[in-house]
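**Student:** below are the sequence and a predicted model for it; my questions follow.
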Amino acid sequence: MVIETTIILRLTAAFTTMYLVALGHSIFEKSGILNLAIDGVFFLSTGVTTAVVVPLTWLLTARGLSLVLSTTLAALTAGLATAIIGIFMAWTLTKLPISHGAVGLSLMFLGYGLGIIAGYEVRLRVGSIRPYTYPDSLGIYLAILAITVLIGLLTYFFIFKTALGTAIRACGENPHVALALGASVLKTRLIAGLLGFFIMGVGASFFVLLWQKYWDIKTYLLGYGWLAFTIALAAGRHPIVLIPLAFMFGGLVEFSITLQARLGLQADLAKMLPFIAALILMIIYGSTKLRRIFEPPGSLGKVFYKEERTI
Amino acid sequence: MSSKVLSTSANISSAESVENVILSARNISKSFPGPVIALDRVSLDLYAGEILALLGENGSGKSTFVKILYGIYTPDHGEILMKTGRILERVTINSPADAMSKGILMVSQVPQLISKLTVAENMALTLTSLRIHGVKSLTSIKKILKIISEESEKIGIKIDPNEKVYNLTYTQKQLVEILRAMIVNAKILLLDEALTYLPLLERRKLYQALLKLKEQGGSIVIITHKISEAMEISNRIAVLRAGKIVGVVNTWETTIDQVRVMMFGEERSKQISYVKVQTINPRGEPRIIIRNLHVEDDYGREIVRGVNLTIHAGEVVGIAGISGNGQRELLESIVGLRKIKSGDIYVDNVNVKRSGVKNIRELGVSFIPDRLLEHGISPEESIVENIAACTVRNGINIPWGLIEEISRELINSYQIIAPSTKTPVKYLSGGNILKTIVAREIENAKKALIACNPTRTLDEVSAIYVRRRIREKAVNENLAVLIASEDLDEVLMVSDIIYVMNTGRLYGPLTPEAPCEDIEKLMVM
C-alpha cells in the first residue's frame, strides 16, 4: 500500500511538472513564436522558487500559516518571474524583425545564469530544500493533480472556443492575415507570452516543490525543459493530447531507474527512453494522416514584419 | 487628356464636390528601402456613393496607396482626412483594426482569411477588435457563430459559418470578405484585384453586393489591371504612374484608349496589340504525358481526380478555371513540388513521378508558380542572385559577370522596375517580383514551360509582352507549354487547346474559338 502511494505521488508530481511546462509552452508557440528559451526558463523558475520559498516559509510559518501556502505562493512567484521573460520575448519578436532562434537561445542561457544567481545563496544556507516543499500527502498531490487537469481543460476551452484563443491560433498560422482581419498581433502574443510563461513557470517550480524536492545549480544540466518541449511537439501542442503524453513521458523519466533495473538496461540508455519514445511518436505522426492534426502553426518561428510585402 | 482631369484634392473647385468628399488623402508619400519611391505626394478624394477605379502599371503604387488607407503601411508624409458630420477631420490609421473602426475595409486578390479556421473563427477576429454585437475577447465562438448566421441571413449572403475556409471555393471566400464588410458596416471598401479574375456570372453576383453598399452611401475603390472592368463598374477613374497621380477622369467621359495613354504614355500604349502569334509548325511529338493523375491538397483532400493530358512540342495548352479547383496542385505535381497519390507523368518518355524538382528541371522544364514567395523567389536575395539560382546548374564557379549581363537584359526586355540588379527582390512591387520570375523561367525554358497565372498581377503592356514571349517560345523553339490561368481572356489569347478544370477534373479539349459562355458554364457548373 505504501509502495503504491509512493508510486502515485511520484507519477503525479512528474506529470504535473511536465504537463504544465509543456502546456504553457504550447500556448506560447500557438501564437507563432518559436520558444527555444524553454530550458533556461525551466531552470530560472526552479532557482526563483528556491530563492522565494525558503524566506517565505520562515515568514509565514512564524505567523502560524501553513507550508502549503508558502509553497503555493512561491510557485506563483516563479510563474510571475518567468512571465516577464515571456512578455519580453513576445514583444521583441513581434515588434522587431529579428530571429526567433537567436532570441530564444540567448534567453535560455540568460535563464541558466539568472537561475543560479537567484537560488544559489539560499541553497547554500539551508542545505536541503526538502523541508520547504509540499508535504508528502496524497490529498495535496491529488488536489494539485485535479487543478492541473482543470487548467488543461480550461486552456483547451480558451484556445479553441473563445475569440481570444482563436486570435492566438490565427497569429500562429499567419500573423499578416490576422492583422488584416483586425487582430492586434502584438497584444495577442503578449497575452500568449504572459499566460504561457506563467503556466510554464508554475509547472517548473513543481520540479522543486513537488517532484524532486531538491535543487542544485547542476539542475540545469538535466534538460527537463527540452523534454517538455518534446512532449509539446509530439502532442501537436494540443492541451488534451498533452495529458496522456505528459503521463507517459513523466512516467518514463520518473521510473527510468526502475525500468533500468527490470529490463537490465544501461543507465544512459534508460535516460534516453523518453526521447526515443518521442521520436517514434513523431515518426508515426509524420508518416500518417495524423500529421495534419498535429502539424505546427503555419508561421511558427517566422520573422514578423508588419510592412513586409505579401503577394 | 488634361481637359478630362476633373479633380485631385489639390484642385477641387466646386463646393458641392467638397460636400460629398468622404475621404481625402493629401500629399501621401511612401518609400521602401532600395530605395524605392512607391508614392510621391499623392492626393486623392473619394466621394460618397461612388466607385472609383484606381489604375496604373506595375509598381505605380496602387496597392501601396490602399494599404496605407487600410493601416498596413504607415505613410512617410501626408495626411488622411475623413468626413465626420459635415467636416473633414484628420485621422490616424495605424492598423487594419484602426481602419475598420473608421469604416474602411480592404479585400485583396488573395483572400485574407486563415484557411485552417472556420468562417466564424475568422470573423471573430474582426468582431472582437470592433466590439461588434458586444463580442469581446472571451466571447465564445458558439455565440459568434450565431451572430454570423443571423447577419448573413439578413444580408442575403449564404455561407455556412461553421465551414473551414479551406473547404470554400474562391468565390465563396471573396463572399465571406464582402460579408465581413457588410457586418462591420464599411463605408469605404478597398478592392485590390479582388474580383478581376472571377467568371462574369460570379463577378456580377458580387457586383450586386457592391451596388447595395454604394446605394447605402458607401464608396468603393477598385484596383484592377483590366481597364474594361474599370469602365464597366466605376464612376471615376484615377491613374497612378511612378507613384504620382497623373489624372482623375469621369468614366463616362473617357475611352479605353485614353485611359491606356494615361497609364502607359503615348509610346508604350502603342505596344498594346492582341494579335496572336500563330503556330506555323505542324504539331510536334508528345512532350508531357499525364496518365490518370490523382493528387492531394495541403489538407489531405483529393484535389486532382484522374487527370489525363498530353502536351505536344510547339503547342500551348491552356487550363481555365476558378482558383481552388486543383489547377495549382496539378501543375505543382508535374514539376515535382507535390507528391503524386497515383498516376504517372512522363516528360520526353521519362517517368518523372518520383524524380524530384531538380531532375525535372534538368530535363528542360521551367515553372512559373502560383505561390511566388514560397516557390518562385528568394525575397531576401537580389534580382541577379535569383536569376543565377536557375541559370547556373553545374560547376562551382558562378559567372557573375555573365549573370549580371543576362539580368540587365531581362530587366530591359520585361521592363522590370528596380533601382538596380543588386536590389533585394522583397523591395520590388508585386508585379515586378512576378516579372522577375516570369522572365527567368520563360527565357530558361528548354523543353517545356509550366505556368500558373503567369500574368496575374501584371499591367496590360507587360501581360501582352509575356503572353507574346510564351507563344514565340512555343512556336519558334518548339516548347511545350501548359498554362493554368484564372483569367479566361488570357487562356483564350495564348492557347492552341483549352481545357476547363472544375473540382479536380479536366473538361475538354475546346478550341479558343469556342463561345466564352460555354467555357464559363463549365467553370461554374
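**Tutor:** Thanks, I have the structure now.

**Student:** show me the contact partners of the helix or strand containing B:Ile406.
**Tutor:** With elements taken from DSSP states H and E, the one containing B:Ile406 is helix B:400-413. Helix B:400-413 has contacts (C-beta atoms under 8 Å, 6 or more residues apart in numbering or on different chains) with B:383-384, B:387-388, B:391-392, B:416, B:418, B:421, B:436, B:439-440, B:443, B:465. For the C-beta atoms, the positions are set from N, CA and C on the backbone; glycine is no exception.

**Student:** count of neighbours near B:Trp252?
**Tutor:** As a burial measure, B:Trp252 scores 9 neighbours (other C-beta atoms under 10 Å in any protein chain shown).

**Student:** quick one, phi/psi of it?
**Tutor:** When read as degrees, to the nearest 10, the backbone of B:Trp252 gives phi -70, psi -10.

**Student:** what about it, distance to A:Ala14?
**Tutor:** 77 Å (C-beta to C-beta, to the nearest Å).

**Student:** now for the closest residue to A:Leu245 other than its chain neighbours: which residues touch it?
**Tutor:** Computed as C-beta to C-beta, 6 or more residues apart in numbering or on different chains, the closest residue to A:Leu245 that is not its neighbour in sequence is A:Ala235, at 4.7 Å. Residues in contact with A:Ala235 (C-beta under 8 Å, 6+ apart) are A:Ala22, A:Ser26, A:Val241, A:Leu242, A:Leu245, A:Ala246, A:Phe294.

**Student:** between those residues, which is nearest chain B?
**Tutor:** Chain B has its nearest neighbour among the contacts of A:Ala235 in A:Phe294, at 12.8 Å by C-beta to the nearest C-beta.

**Student:** how about that closest one, what does it touch?
**Tutor:** Residues near A:Phe294 by C-beta under 8 Å, 6+ apart: A:Ala234, A:Ala235, A:Gly236, A:His238, A:Val241, A:Tyr285.

**Student:** so where's the stretch 151-300 of chain B shaky on pLDDT?
**Tutor:** B:197, B:199, B:277, B:279-281 (pLDDT under 70).

**Student:** ok and the residue in it nearest chain A?
**Tutor:** Proximity of the stretch 151-300 of chain B to chain A (C-beta to the nearest C-beta) peaks at B:Gly300, 5.2 Å away.

**Student:** element containing the residue nearest to that residue when sequence neighbours are not counted, please.
**Tutor:** Distance criterion C-beta to C-beta, 6+ apart; nearest residue to B:Gly300, sequence neighbours excluded, is A:Arg292 at 5.2 Å. Using DSSP H and E, A:Arg292 sits within helix A:290-294.

**Student:** next, give phi and psi for B:Gly364.
**Tutor:** According to degrees, to the nearest 10, B:Gly364 has phi 100, psi 20.

**Student:** isn't A:Ala13 up against A:Trp211?
**Tutor:** Yes - between A:Ala13 and A:Trp211 a contact is recorded at 3.8 Å, counting by C-beta atoms under 8 Å.

**Student:** what is in contact with these two at once?
**Tutor:** Common neighbours of A:Ala13 and A:Trp211 (C-beta under 8 Å, 6+ apart) are A:Glu254.

**Student:** buried set for the helix holding B:Ile406?
**Tutor:** Along helix B:400-413, these residues count as buried under the neighbour rule (16 or more other C-beta atoms under 10 Å in any protein chain shown): B:Ile403, B:Glu404, B:Ile406, B:Ser407, B:Leu410, B:Ile411.

**Student:** over to stretch A:154-169?
**Tutor:** Quick answer for stretch A:154-169 (16+ other C-beta under 10 Å): A:Thr155, A:Tyr156, A:Phe158, A:Ile159, A:Thr162, A:Ala163, A:Leu164, A:Gly165, A:Thr166, A:Ala167, A:Ile168, A:Arg169.

**Student:** of the residues you listed, list those near chain B.
**Tutor:** A:Phe158, A:Thr162, A:Ala163, A:Leu164, A:Thr166, A:Ala167, A:Arg169 (C-beta under 8 Å from any C-beta of the partner chain).

**Student:** so how far is B:Ile141 from the second one?
**Tutor:** According to C-beta to C-beta, A:Thr162 and B:Ile141 sit 7 Å apart.

**Student:** would you convert the buried residues of stretch A:154-169 into TSV that also reports distance to A:Glu4 and secondary structure?
**Tutor:** Shown next, in TSV, are those (distance: C-beta to C-beta, whole Å; DSSP: H, G, I helix; E, B strand; the rest coil):
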residue	distance to A:Glu4	secondary structure
A:Thr155	30	helix
A:Tyr156	30	helix
A:Phe158	35	helix
A:Ile159	35	helix
A:Thr162	40	strand
A:Ala163	45	helix
A:Leu164	42	helix
A:Gly165	38	helix
A:Thr166	43	helix
A:Ala167	45	helix
A:Ile168	40	helix
A:Arg169	41	helix
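
**Student:** chain center to the helix holding B:Ile406, what's the gap?
**Tutor:** Distance of helix B:400-413 from its chain centroid, counting by C-alpha atoms, centre = their mean, to the nearest Å, is 27 Å.

**Student:** please apply the same query to stretch A:192-208.
**Tutor:** Stretch A:192-208 has its C-alpha centroid displaced from the chain centroid by 5 Å (C-alpha atoms, centre = their mean).

**Student:** can I get that stretch in CSV? Just the C-alpha atoms.
**Tutor:** Taking C-alpha atoms only, stretch A:192-208 is exported to CSV below (Å, rounded to 0.1, in the frame of the first residue of the first chain):
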residue,chain,number,x,y,z
ALA,A,192,0.1,34.3,-25.0
GLY,A,193,3.6,35.1,-23.6
LEU,A,194,2.2,36.2,-20.2
LEU,A,195,-0.2,33.3,-19.8
GLY,A,196,2.1,30.6,-21.4
PHE,A,197,5.2,31.5,-19.5
PHE,A,198,3.3,31.9,-16.2
ILE,A,199,2.0,28.4,-16.5
MET,A,200,5.4,27.2,-17.6
GLY,A,201,7.0,28.9,-14.6
VAL,A,202,4.5,27.4,-12.1
GLY,A,203,5.0,24.0,-13.7
ALA,A,204,8.7,24.2,-13.4
SER,A,205,8.5,25.3,-9.8
PHE,A,206,6.8,21.9,-9.1
PHE,A,207,10.1,20.2,-10.1
VAL,A,208,11.5,21.6,-6.8
